[in-house]
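>>> what's the 3D shape of this:
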Amino acid sequence: MRLTPFVTGDEAKTEWGNVIRKFWLNSRGLTITVDDDSPLSVSINDPELVTHGRHGLCFQASFDEFPYYYHRFNLPVLNYTVCTGAGLAEVYNTTLDLKDKDFWEGHRETDFAMLDQLIKLPVWQVPSLAVGEMYTPGRIEAYLRGLLGAGARAFRGERGLVLLDHHWQERMGDFTFSSTHFPALRQAQDKVREAGLRLALTLNPFVSVDSPNFKEGVMEGLFVMERNSTSPRGTPALTWFKDEPVAALLDITNNKTVSWLKRKLGVVAEGDASEAVFVLDTGNTFHTPHYFSFNRSLSNPDLYKEEFIREVMEVVPGRVVGVSGASSKRPKAPAFVWLSPLASSWSSLQSIVPNILHLGVIGYPFVNPGPIGGQPPPSAPPPSAELYSRWWQLAIFLPQLHFLTPPNTYSGVAGVASMGNRLKTIRQEVVTPLLQELSKEAMRSGRPLVRPLWMFSPEDETSQRVADQFMLGEDLMVAPVLKEGQRKRDVYLPPATQGEQVWCMSDSSVHSGGKWLNDTKVALHEVLYFRLQPPGYVLGDGCRGLVL
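Residues are numbered from 1 along each chain as shown. Sure, this is the predicted structure:
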């Protein structure tokens, strides 16, 4: 049997992805939670077993693999908790009460206000640059000119965030704008503010060997070190990250490193980027140097990101709006957990709904699904208009809108502009108010914003199986089109748990629950969603809560 270390990795390249939690739930009313300190490896429906007609979930605690090898002289222990209940809903709700009922403790009113803004306003990501390039005032200004053209008119007023990746620094780990490219260092922030947007900067815990901070870090002993180094000062354990081929990793378990990082962040957060918010891109376990040695022992290197996120949030409270992954703890609001960047493909689009449903159920309600249309390869053409349209239709119902390819790229494509106007209206009038209300519930109880159908009908077996539809709260259901060339799809309407209720479709037709609507037509520029009507609905009363 092949068991794989249960740690974060890159989507589609490693087993588990960039967001995990040691929590499992099944439809028979059983949950398993494994302790963070257990060196866990997992197998799900191992092919060797499946060929013999056996399926299942297998756990093992061992120090045989890279992430846990550091502790190989200890005795591995598998600490886990099993809970059972009368059914799926009961055991899940009980687990929620135990896990996240006190999550809201310590949050400020400004955190809730920022959360509302992040749901309401989109993220506009400036395209990544080639190796060795960096952002300049001219590049930023050109992007803003393109963004604020006719195709972006749907977002007049407060326009959201403009996100720069690590190339806002000359070298990764500089923690400052380049004085060569930004003679007046506030230029980036000023230009973004003038356009009605707010600057968002990406922060990483990696320091390029070409950064001036690398030498300082070596002299001060700020980095994760090579295990068993014979150097009197120790030898920094080098790794790679993004387009930086050789970099050191700040040892966030070292108090000296924490003090140094807080000074650096304080300078940029209170000076040249005093109005900016931050996205923390910490990498995953496989960006940790292979032969790592932390100043303070961690059960596994996955826990590094939790430490880094916590320390940065203390320096810039309420201004961390995104983190690149999570492995045990839900980050404090208003931070969203961001999915790994997805390739611009139909298979990527099809992965979004099951991913977000899974993450919501295991305890991450605030998820950024990544940019609409995915991330095309460098110098590649933008996504096809069909792929972009279907992706946009899905994204309009998700917690955060994120654009890399701006909508005005398709300004000459028939139907896209009118579709964009309709999606804007649905987002503003239907989705945003609902998500903002659900976010308050998520802060209190941990219940997800985006929910599987079984949360509406927990005893209905069909609702437990459907993975390409989802609910927002208790009464809005979305059935996106996710396949190329598809102009109709089968839709399942889950039954109400009490009495008979009516589902209203986005074309104003009405239907009862507990049945399939097969071959439902969905034109290219149409989006299919349903609203459950209140008890006592009378035919002819009209459809509440829809944009018709």
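
>>> shaky segments in the chain?
Applying pLDDT under 70 to the chain flags the ranges 11-13, 97-100, 149-158.

>>> for the closest residue to Leu401 other than its chain neighbours, what are its contacts?
Leaving aside its chain neighbours, Leu401 sits nearest to Pro122 (3.9 Å; criterion: C-beta to C-beta, 6 or more residues apart in numbering). Where you see a C-beta, it was placed from the backbone N, CA and C, and this is true even at glycine. By C-beta atoms under 8 Å, 6 or more residues apart in numbering, the contact set of Pro122 is 155, 159-161, 400-403.

>>> pretty sure Ala276 sits against Leu203.
No - counting by C-beta atoms under 8 Å, Ala276 stays clear of Leu203, with 10.2 Å between them.

>>> gap between the two ends of stretch 319-336?
Chord length of stretch 319-336, first to last residue, is 11 Å (C-alpha to C-alpha, to the nearest Å).

>>> so what touches stretch 472-483?
Taking C-beta under 8 Å, 6+ apart as the rule, stretch 472-483 contacts 346, 349-350, 353, 390, 393-394, 397, 430-431, 434-435, 437-438, 449-451, 453, 456, 468-471, 487, 489, 491, 493-494, 503, 520, 522, 527-532, 545.

>>> and Arg310, how far is that from Val123?
23 Å (C-beta to C-beta, to the nearest Å).

>>> excluding its backbone neighbours, what's nearest the residue most central in space within the chain?
Relative to the mean C-alpha position of the chain, the nearest C-alpha, by C-alpha atoms, centre = their mean, is the one of Trp338, at 2.1 Å. The shortest distance from Trp338 to any residue other than its chain neighbours is 4.3 Å, reached at Asn368 (C-beta to C-beta, 6+ apart).

>>> isn't Asp111 right next to Lys332, touching?
Yes - between Asp111 and Lys332 there is a contact under C-beta under 8 Å: 7.3 Å.

>>> tally of neighbours for Gly542?
13 (other C-beta atoms under 10 Å).

>>> helix, strand or coil for it?
coil (DSSP: H, G, I helix; E, B strand; the rest coil).

>>> pull the contacting residues for it.
Contacts of Gly542 (C-beta under 8 Å, 6+ apart): Ser508.

>>> distance of it from Val510?
In terms of C-beta to C-beta, Gly542 sits 10 Å off from Val510.

>>> again with Ala269
Counting by C-beta to C-beta, the gap from Ala269 to Val510 is 53 Å.

>>> quick check: His107 touching Pro331?
No - applying C-beta under 8 Å as the test, His107 and Pro331 come out as separate, 11.7 Å apart.

>>> so between the two, which is more surrounded?
Using other C-beta under 10 Å as the criterion, His107 and Pro331 rank with Pro331 on top: 21 against 16.

>>> which element is that one on?
Per DSSP states H and E, Pro331 falls between elements, in no helix or strand.

>>> ramachandran coordinates for the residue lying closest to it once chain neighbours are set aside?
Closest residue to Pro331 apart from its sequence neighbours, by C-beta to C-beta, 6+ apart: Val323 at 5.1 Å. Val323 has phi and psi values of phi -130, psi 150 when expressed as degrees, to the nearest 10.
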